[in-house]
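Visitor: Sequence isn't available, so here's the structure alone:
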């Protein structure tokens with residue numbers, strides 16, 4: 001049986017000031033009237049019923065998440081005591097799911113991605129499920145549309161079947177020169193963070209490469225008392241390394257496959273993503289909300305509250321909310337996290353994060 005595991009634990013700091021600690025980007029309606037977590041659920045729903053959808057999120061956003069009517073069973077929310085990257089989140093879901101259905105297949109989906117061409121996405125899921133039956137850990141590799149330095153890459157190797165290859169190696173975020181080389185090579189794909197595998201197989205890999213965490217989780221699921229479980233989970237997370245599933249397992253495992261995917265995809269990593277999925281005016285501005293622009297070009301203007309007036313500038317990001325305003329050059333959009341860091345460093349300003 002196929003189950004969807006939606007990872008909703010990211011903080012989305014590059015989308016400040018809209019994104020806040022208790023309301024990260026996956027809980028925002030950035031691209032349409034629905035939140036990103038809602039669209040993620042809708043995207044997979046033709047293959048997986050709501051009863052087989054689980055959400056892993058940080059305890060910090062519990063109230064905000066539960067306030068969205070996602071119509072999934074209450075027991076399908078798995079709350080982490082603290083953020084520890086994707087490995088513990090996936091491990092928590094895997095052991096929980098194995099306890100329910102030892103023959104289950106996990107489809108791991110980040111909650112904050114934009115995917116177009118849903119049918120192509122679903123076709124790739126079905127293809128990956130078939131490959132996972134052969135005991136492979138399966139990753140999705142997006143066919144690159146540009147020499148992107150902000151993504152990790154997967155180099156495809158020996159062909160397994162149509163559109164599916166063994167993974168030769170994972171490559172971390174490259175320099176611009178390397179990214180250009182990857183594009184010319186043709187065998188490199190964007191690592192988009194979507195994974196599919198048998199739950200039993202990924203648990204075996206946890207035992208192999210994360211043995212202490214695996215032992216702790218097995219002991220955790222033997223505890224019957226809920227309050228005691230919560231205490232124990234906090235202790236497990238407190239001593240667990242913050243590490244991605246790529247580093248912890250995928251780069252080390254021997255049977256890893258990649259599905260070559262060409263549907264539109266974006267990890268919505270910064271405000272710049274808006275112009276890739278939103279309409280532009282005659283001056284190539286992306287405007288969301290109420291704004292008046294004069295002699296302004298190639299800019300992203302977002303107003304959540306009131307009107308924004310902007311004159312004689314180009315290549316800017318301007319975001320205005322009820323209590324905060326962001327202005328920066330588009331080519332420095334990745335640096336928004338530094339503003340959040342500095343706000344956190346000043347206790348009197350923490351209300352803005």
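Guide: On my side now, so go ahead. The model shown is predicted, which means the values in this text are computed figures rather than measured ones.
Visitor: from here on, contacts and neighbour counts on C-alpha atoms
Guide: Noted.
Visitor: residues contacting residue 40?
Guide: 6, 109, 110, 111, 112, 113 (CA atoms under 8 Å, 6 or more residues apart in numbering).
Visitor: And the furthest pair within these?
Guide: 6 and 113 (11.0 Å; CA to CA).
Visitor: So for these two, which sits in the more crowded spot?
Guide: residue 6 (25 against 20; other CA atoms under 10 Å).
Visitor: next structured bit after the strand or helix carrying the more buried one?
Guide: Using DSSP states H and E, residue 6 maps to strand 2-7. Sequence-wise, the next helix or strand downstream of strand 2-7 (DSSP H and E) is helix 36-44.
Visitor: What are the buried residues along that following helix?
Guide: 36, 37, 38, 39, 40, 41, 43, 44 (16 or more other CA atoms under 10 Å).
Visitor: Would you quantify the distance from the residue lying closest to the third one once chain neighbours are set aside to residue 39?
Guide: Just to be clear, that refers to residue 38. Distance criterion CA to CA, 6 or more residues apart in numbering; nearest residue to residue 38, sequence neighbours excluded, is residue 70 at 6.7 Å. Look at residue 70 and residue 39: by CA to CA, to the nearest Å, they are 10 Å apart.
Visitor: Helices of this structure, start to end?
Guide: Remark: helices assigned in the chain by DSSP state H are 36-44, 62-66, 86-100, 118-132, 176-185, 199-209, 211-220, 226-238, 245, 274-277, 336-345.
Visitor: got JSON lines for those, with distance to residue 260 too?
Guide: Shown next, in JSON lines, are the helices of the chain (distance: least, CA to CA, whole Å):
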{"stretch": "helix 36-44", "distance to residue 260": "18"}
{"stretch": "helix 62-66", "distance to residue 260": "32"}
{"stretch": "helix 86-100", "distance to residue 260": "22"}
{"stretch": "helix 118-132", "distance to residue 260": "8"}
{"stretch": "helix 176-185", "distance to residue 260": "14"}
{"stretch": "helix 199-209", "distance to residue 260": "21"}
{"stretch": "helix 211-220", "distance to residue 260": "31"}
{"stretch": "helix 226-238", "distance to residue 260": "34"}
{"stretch": "helix 245", "distance to residue 260": "20"}
{"stretch": "helix 274-277", "distance to residue 260": "21"}
{"stretch": "helix 336-345", "distance to residue 260": "32"}
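Visitor: Can you check which of these gets nearest to residue 152?
Guide: Among those, helix 176-185 comes nearest to residue 152, with 9.8 Å by CA to CA.
Visitor: And the average pLDDT for the closest one is what?
Guide: Averaging pLDDT along helix 176-185 yields 93.
Visitor: Check which residues of it are buried.
Guide: 179, 182, 183.
Visitor: do you know how far the residue nearest the centre of the chain is from residue 31?
Guide: Nearest to the geometric centre of the chain sits residue 110, at 3.3 Å (CA atoms, centre = their mean). Going from residue 110 to residue 31 by CA to CA gives 16 Å.
Visitor: Return the helix or strand in this protein with minimum mean pLDDT.
Guide: Scoring the helices and strands of the chain by mean pLDDT, DSSP states H and E places helix 274-277 at the bottom, with a mean of 89.
Visitor: Let me see the domain layout of this structure.
Guide: For the chain, automatic domain parsing gives the domain ranges 2-266, 271-352.
Visitor: ranking the ones you listed by burial, who's on top?
Guide: domain 2-266 (a mean of 18; mean count of other CA atoms under 10 Å).
Visitor: end-to-end on that one?
Guide: Domain 2-266: ends 24 Å apart by CA to CA.
Visitor: Out of the contacts of residue 40, which comes closest to residue 147?
Guide: residue 113 (19.1 Å).
Visitor: Provide a list of residues in contact with the closest one.
Guide: 36, 40, 265, 266, 267, 268.
Visitor: and which of the buried residues of helix 36-44 is nearest residue 135?
Guide: residue 44 (22.4 Å).
Visitor: quick one, what contacts the closest one?
Guide: Taking CA under 8 Å, 6+ apart as the test, what residue 44 contacts is 4, 122.
Visitor: what about 10 Å?
Guide: 3, 4, 50, 53, 107, 109, 118, 121, 122, 125 (CA atoms under 10 Å, 6 or more residues apart in numbering).
Visitor: Equivalent analysis for residue 250, please.
Guide: 137-139, 167, 169-170, 195, 202, 205, 209, 244, 256-257.
Visitor: How much space separates it from residue 115?
Guide: 23 Å.
Visitor: ok, now residue 193?
Guide: According to CA to CA, residue 193 and residue 115 sit 13 Å apart.
Visitor: list residues touching both of the two?
Guide: Shared contacts of residue 193 and residue 115, counting by CA under 10 Å, 6+ apart, come down to residue 267.
Visitor: hmm, who's touching stretch 124-131?
Guide: With CA under 10 Å, 6+ apart, stretch 124-131 has contacts from 2, 44, 47, 105-107, 118-119, 121-123, 132, 136-140, 160-164, 194-198, 256-263.
Visitor: Now do the contacts for the closest residue to residue 174 other than its chain neighbours.
Guide: Among residues not flanking residue 174 along the chain, residue 149 sits closest, at 5.3 Å (CA to CA, 6+ apart). The contact partners of residue 149, taken as CA under 10 Å, 6+ apart, are 172, 173, 174, 175, 176, 177, 178, 179, 180.
Visitor: Thanks a lot, see you next time.
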